[in-house]
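Chemist: requesting a structural model of the entry that follows:
(one chain, ligands or ions: 1)
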Amino acid sequence: MRKTVFFAFVTALVIVGGLQAQALPPRLEFRHQGLRIETTPVRNHVEVSSIMTLLGGEAAFSASAGVWALSLGDHLVQLAPDRRLVLVDGKLTEVQDAPISSPGGIAVRLGFLDDYILAPFGFHLETIVGGYSIVPGVSSGKPVTIRPAAADFSATTTLVLSLDRKIEASVEARPGGGVVVLMPGSGPRIESANRLRSRRVRSVVSGPGRIEVDLSPGVGLISWNVLTGPNRIVMELGTVPPTPTPAPIIVQQVTRSGPRPIVIDPGHGGPDTGAIGASGLTEKALTLVIARRLAQALRNAGHPVRLTRDGDGGRALTDRAAVANRLDARVFVSLHANASTVASVHGAETYYMSLDDRASDEAAQSTADLENRAGGSFVQESSALELILWDMAQSEVLNESARLALRVQTRLNALLGLKDRGVKQAPFVVLTGATMPAVLVEVGFLSNAKEREQLASPEHQQALADAIALGIGDFLVGR
Ligand SMILES: [Zn+2]
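Modeler: Next comes the predicted model:
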């Protein structure tokens, strides 16, 4: 019974959100400010160049890059045939349907036109007889694409709804259980919800102006937050006491006071020591010392800072980025110390996330393997798909992470007089799912006798902390 109702609901939504999928007539009219054009759809796609002509904008093709640049006023949209990535005013967005090559150059589906071309230019489509009128402003029920991802921790689940644009939203606990996200004026479209895997979240379903989140029995809403840069709604779910009367549970929105913090993650902790040097110096102790010094250096420069641990306590790898997400951190830096079977290898390295599961070189991959092993039970109980979904959060800020890594490594190279070791990419679990620029710094090799001695000295620890703080500062200034 329940399944039938659910299926009917989903079917109704597919019909409501039909802009994307409908078959177009052989001729289609577009009107804009007293002008009109008639176009011939190409395989249910609309020629972009004719729309840009109608709007009085420009569509320019760069043959070298194979990319179309659409401009109108101050806004710029870049797209390419068969590419599922669109750059809207410098922000990279993953789309469901790639544009196609067409006689006019490039053609897109109506939903794409509405969301990624007209919306940035301040227009939207309205249906008229025989076609569409392109009118200013945001339509009521304007589509918003939502990508849900959940990460289960021992006591709580973090549910992140990534949004492709900024919306007004509020979250409420439903009296009968579950959660409803209200987004008046928005037509939410959920992407890849079938890939959501969580012990506490059963389903995420959209309706006009709302999203319904069905939860496992006894699970409720602990806190929620609507965040920007990138746009997302983050919910903390966990066990809530059963309410004797079916009254709505009052949930406080998490309010962040003051500026967004920088989150520093001292690698390892608790039973997980990380690498151990011949002198007995453990990676977990070293990273905590440097993290505290780094925190102080950043605070001296006027930045608020939070640590993922400020003692010997352990934390699951994915929980560390989740802390940064919950705090809406500006930057996430995970500190580690390396070890190599080759005793001569030394120097500091800065890593950022590799999304295709390949490291930039063999040494980078073995470093990632070493660090990912600390994931312990969590990584084992997480499905690969869940981790892929979490990757997506980082993919949106990947270029920024690369820039942050470069700034930090430049300062470390200056300090250590290094030339060869530098910025690398590898699939680190700890960076997975961070929704802000995130890097992992390997401050040096505990397997190298000389460097081990350096790393144990307070002076060198301070110099490393200062260099990393300067690198973070360089990055933030340039934003
Ligand atoms: Zn480590």
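Chemist: can I get stretch 215-223 in CSV, CA atoms only?
Modeler: Coordinates of the C-alpha atoms in stretch 215-223 are reproduced here as CSV (Å, rounded to 0.1, in the frame of the first residue of the first chain):
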residue,chain,number,x,y,z
LEU,A,215,13.6,8.4,8.6
SER,A,216,14.0,5.1,10.4
PRO,A,217,11.9,4.6,13.5
GLY,A,218,13.2,6.6,16.5
VAL,A,219,15.3,8.8,14.3
GLY,A,220,14.6,12.5,14.3
LEU,A,221,16.0,15.9,13.5
ILE,A,222,18.7,17.2,15.9
SER,A,223,19.8,20.3,14.0
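Chemist: what about it, average pLDDT?
Modeler: For stretch 215-223, mean pLDDT is 89.
Chemist: next: stretch 363-370.
Modeler: Per-residue scores along stretch 363-370 average to 83.
Chemist: tabulate the CA atom coordinates of that stretch in CSV.
Modeler: C-alpha atoms of stretch 363-370 as CSV (Å, rounded to 0.1, in the frame of the first residue of the first chain):
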residue,chain,number,x,y,z
ALA,A,363,54.3,7.7,-4.1
ALA,A,364,51.1,9.8,-3.7
GLN,A,365,49.0,6.6,-4.0
SER,A,366,51.0,4.8,-1.3
THR,A,367,50.6,7.9,1.0
ALA,A,368,46.9,7.8,0.4
ASP,A,369,46.7,4.0,1.1
LEU,A,370,48.6,4.6,4.3
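Chemist: any idea how far that stretch is from the middle of the chain?
Modeler: Centroid separation between stretch 363-370 and its chain, computed with C-alpha atoms, centre = their mean, to the nearest Å, is 23 Å.
Chemist: that stretch vs the ion: in contact?
Modeler: No - against the ion, stretch 363-370 shows no contacts by C-beta under 5 Å from the ion, the least distance being 6.8 Å. (Each C-beta comes from the backbone N, C-alpha and C, glycine too.)
Chemist: what does that stretch contact?
Modeler: 275, 338-340, 345, 349, 351, 358-359, 424-428, 442 (C-beta atoms under 8 Å, 6 or more residues apart in numbering).
Chemist: check those residues and tell me the two furthest apart.
Modeler: The two members of the contacts of stretch 363-370 with the most space between them (C-beta to C-beta) are Ala275 and Arg358, at 23.5 Å.
Chemist: the more surrounded of the two?
Modeler: Neighbour comparison, Ala275 and Arg358: the larger count goes to Ala275, with 22 against 12 (by other C-beta atoms under 10 Å).
Chemist: need the contact list for the nearest residue to that one once chain neighbours are set aside.
Modeler: With sequence-adjacent residues excluded and distances taken as C-beta to C-beta, 6 or more residues apart in numbering, Ala275 is closest to Ala339, at 3.9 Å. By C-beta under 8 Å, 6+ apart, Ala339 lies in contact with Ala275, Glu283, Leu370, Phe445, Leu446, Ser447.
Chemist: got a pLDDT number for Ile211?
Modeler: At Ile211, pLDDT is 86.
Chemist: beta partners of it?
Modeler: Val181, Ser206 (DSSP bridges).
Chemist: for the residue in the chain that the ion sits nearest to, which three-state class applies?
Modeler: Among the residues of the chain, His336 lies closest to the ion, at 3.4 Å counting by C-beta to the ion. Of the three states, His336 takes strand under DSSP: H, G, I helix; E, B strand; the rest coil.
Chemist: contact residues of this structure facing the ion?
Modeler: So the chain meets the ion at Gly267, Gly274, His336, Glu371 (C-beta under 5 Å from the ion).
Chemist: tell me where the stretch 201-350 of the chain has strands.
Modeler: Secondary structure of the stretch 201-350 of the chain by DSSP state E, counting those that start in this stretch: the strands cover 201-207, 210-215, 219-227, 232-239, 262-266, 305-307, 331-338, 349-353.
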